[in-house]
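>>> coords please:
(chains A and B)
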Amino acid sequence: MPEQQTHSSPIGWLIVLAVGIFLLIAPHVLDRYPRYILTEVVIWGLFALGFDIIFGKTGLLNFGMSSFFGLGAYGFVFAVKYIYPSVWLGIFSGMAFAMVFSIVVGWIVTRFSSHYFVVFTIVISMILFLLAMNLRTITGADEGINIRLPALQVIAWEFSLRSPITKYYLILGVAAAAFLIVWLFFDSPVGRAVVAVRENEGRAEMIGYNTPYLKLVSYTLSGTVAGLAGALYPLLNSTTSAELFFWILSGKAVLWTVVGGAGTLWGPFLGAALLVTAEDAFSSWLVDFYPILVGVLLIVIILLAPKGVLGTLFQIVGERSVSLRLGGKP
Amino acid sequence: MSNEVVLRTEQLTITFGGLKALRGVDFTIREGEVLAIIGPNGAGKTTFFNVLSGNLRPDSGRVIFKGKDITGLPPHEICRRGLSRTYQKTSIFPDLTVFENVRLGAQIGHGSRNLWLHSALSDKKVVALVEELLVMGGLDHQAKKPAGNLSHGDQRLLEILIGISTRPELLLLDEPSSGLSAKETREITRWIKDLAQTTTRNVIIVEHDMDVVTELASAIYVLNYGEVLCQGPVGEVKSNPQVQEIYLGKSV
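Model (predicted):
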């Protein structure tokens, strides 16, 4: 993946700027429902970003991303409901739940080769789902737990989270901060070494990298980001349920990332935006048959852009800029 | 031969199933030497490299590198102590740029203070080293290409550049001429010779091509069925009748 070229492209930064401005003014120009969808897309995109870290950047197919999302959501709810009514504590707690879990599980699963890794991640997420469904008194199972959101404290100010616009900005801000950290990580020497593991693990080891350790670092970052996204879910919806652990959600993270462009970091957000809005539009138009349309859309995207929308775009731009730069030289 | 010993092995033995791939191999390389290992297919040459680089753990015997026992250490640890290798079958990072391929090794060999809290490209020393290596290998014009798009010959060169990007004190070259044309082989041989006279002075090379061996090495170890059949200066080994019979046969 041509990651080096994209960093320095001025057009790329212009697009980022335009999207940034859109995201900042969007809640004021959008109606209630599209604004809700947009907020949700930010959460799903952040969740898929977690998957992109372990899959797109590290080359490990984690098919159990829902574990982290569910833990993040319950971490938020438990902290706010039982410990102290603070949104920040909830977000931190959701993230910490997912992080501790990902360190423990990651320590085990990153020792296995890729096929076993996939199976293990599925099995572990199914175990968590069944636990959450059976421990009804704690988790509320499929009915879940509802919470009353406390006001948001920012230093001396207080904001009511009854306003969906406040919620939107809070969620967008948290997601943007997480994205920035992930982006900086993959620009650092360690982050680039993680990509080397994806490309050729044996060689990475032979030039001095402790690859099991790098995989654990990536697994933990991946789980923590997905858990953070999970913590934002009850913040948006004031509820959480055991179904967040279900494998379908893991599958969606895979789809969003692959469609948007695995390994690009921006791709998961684009993929989530495309598929969530498409699904929403199709389902209001063709109530019964919309999955067929979504399927057709997926096939078209994969045929036109085998590396995902952004992956393929970056590849074209990268090749062009290389040929331009090398044009005059032998 | 009073130079300091860089690496030596004592009675290295390893068995795969019932097959003894190495039987009590004693080997010594001293400061400033380029040694070649030859032998028929399956003689244990690559296995020997795999043991030195930590990819395989020997059943018995020891590997002493710079006076310290490194037997059984993991590859990354051995690399960080100054031993690097290349592979017979090209092993690069295909989707990353040529520049990044070399930079990944250089950032280790050049020990920046920490590897977390700064942009990788902001490390001027590492970038300078990479540029130097790319110029040395003549790949500087292709620095921004994905490594997988290079020609086979250039990939063989990149393979060695990655190997020396960590600034090793001992370099193991596994058939550097593998798959190259006669002309390319001559070029890469001359290039390795330069390398051995300048930056990376201690080299062990596994090679089939006797011209390459004669050009580069000062002495040869002959492996056969996992055993050191004989060793000595190139001319001496080439004229050894036993060696001619089992390996060089008709070709010399």
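>>> Which residues are in contact with residue B:66?
B:6-7, B:81-82, B:169 (CB atoms under 8 Å, 6 or more residues apart in numbering or on different chains). In short, each C-beta sits where N, CA and C put it, glycine included.
>>> and residue A:64, helix, strand or coil?
Secondary structure state of residue A:64, per DSSP: H, G, I helix; E, B strand; the rest coil, is coil.
>>> Who are the contact partners of it?
Neighbour list for residue A:64: A:120-126, A:247, A:250 [criterion: CB under 8 Å, 6+ apart].
>>> Show me what counts as buried in the longest helix anywhere in chain A.
Within chain A, and with DSSP state H defining each element, the longest helix by residue count is helix A:211-237. The neighbour-count check on helix A:211-237 (16 or more other CB atoms under 10 Å in any protein chain shown) flags A:211-212, A:214-237 as buried.
>>> can you give me the helices in chain B?
When assigned using DSSP H, the helices of chain B occupy the ranges B:45-52, B:75-80, B:98-109, B:124-137, B:152-165, B:182-197, B:210-216, B:234-238, B:241-243.
>>> Would you point to the one among those helices that's packed deepest?
Ranked by average neighbour count under the criterion mean count of other CB atoms under 10 Å in any protein chain shown, those are headed by helix B:98-109 at a mean of 27.
>>> So what angle separates the directions of that one and helix B:152-165?
Using axes from the mean of the first three to the mean of the last three CA atoms, to 10 degrees, the direction of helix B:98-109 lies 20 degrees away from that of helix B:152-165.
>>> Could I get the average pLDDT for helix B:98-109?
Taken as a whole, helix B:98-109 has an average pLDDT of 92.
>>> and that helix, does that touch chain A?
Yes. Judged by CB under 8 Å from any CB of the partner chain, helix B:98-109 and chain A are in contact via B:99-100, B:103-105, B:107-109.
>>> name the helices or strands packed onto that helix?
Applying 3 or more CB pairs under 8 Å, 6 or more residues apart in numbering or on different chains; DSSP states H and E, one finds that helix B:98-109 makes contact with helix A:189-199, helix B:124-137, helix B:152-165.
>>> Contacts for the helix or strand following the shortest one next, please.
Proceeding N to C from helix A:189-199, the next assigned helix or strand is helix A:201-206, under DSSP states H and E. Taking CB under 8 Å, 6+ apart as the criterion, the residues outside helix A:201-206 that touch it are A:59, A:193, A:196-197, A:211, A:214, B:53, B:55, B:74-76, B:79, B:84-85, B:87, B:91-93, B:104, B:162.
>>> just the strands in the stretch 201-330 of chain A please.
Here the stretch 201-330 of chain A has its strands, by DSSP state E, counting those that start in this stretch, at A:239-240.
>>> circling back: got the contacts of residue B:66 as TSV, with pLDDT, neighbour count and distance to chain A columns?
Formatted as TSV, these follow (pLDDT from 0 to 100; neighbours: other CB atoms under 10 Å in any protein chain shown; distance: CB to the nearest CB, whole Å):
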residue	pLDDT	neighbour count	distance to chain A
B:6	96	22	18
B:7	97	23	16
B:81	94	17	9
B:82	95	18	10
B:169	95	16	13
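>>> which two in these are spaced the farthest apart?
With CB to CB as the measure, no two of the contacts of residue B:66 lie farther apart than B:6 and B:81, at 11.6 Å.
>>> Mutual contacts of these two, please.
Common contact partners of residue B:6 and residue B:81 (CB under 8 Å, 6+ apart): B:65-66.
>>> Next, the contact list for the closest residue in space to residue A:91 that isn't next to it in sequence, please.
Distances taken as CB to CB, 6 or more residues apart in numbering or on different chains put residue A:231 closest to residue A:91, at 4.9 Å, once the chain neighbours are dropped. Going by CB under 8 Å, 6+ apart, residue A:231 touches A:72-73, A:75-76, A:90-91, A:93-95.
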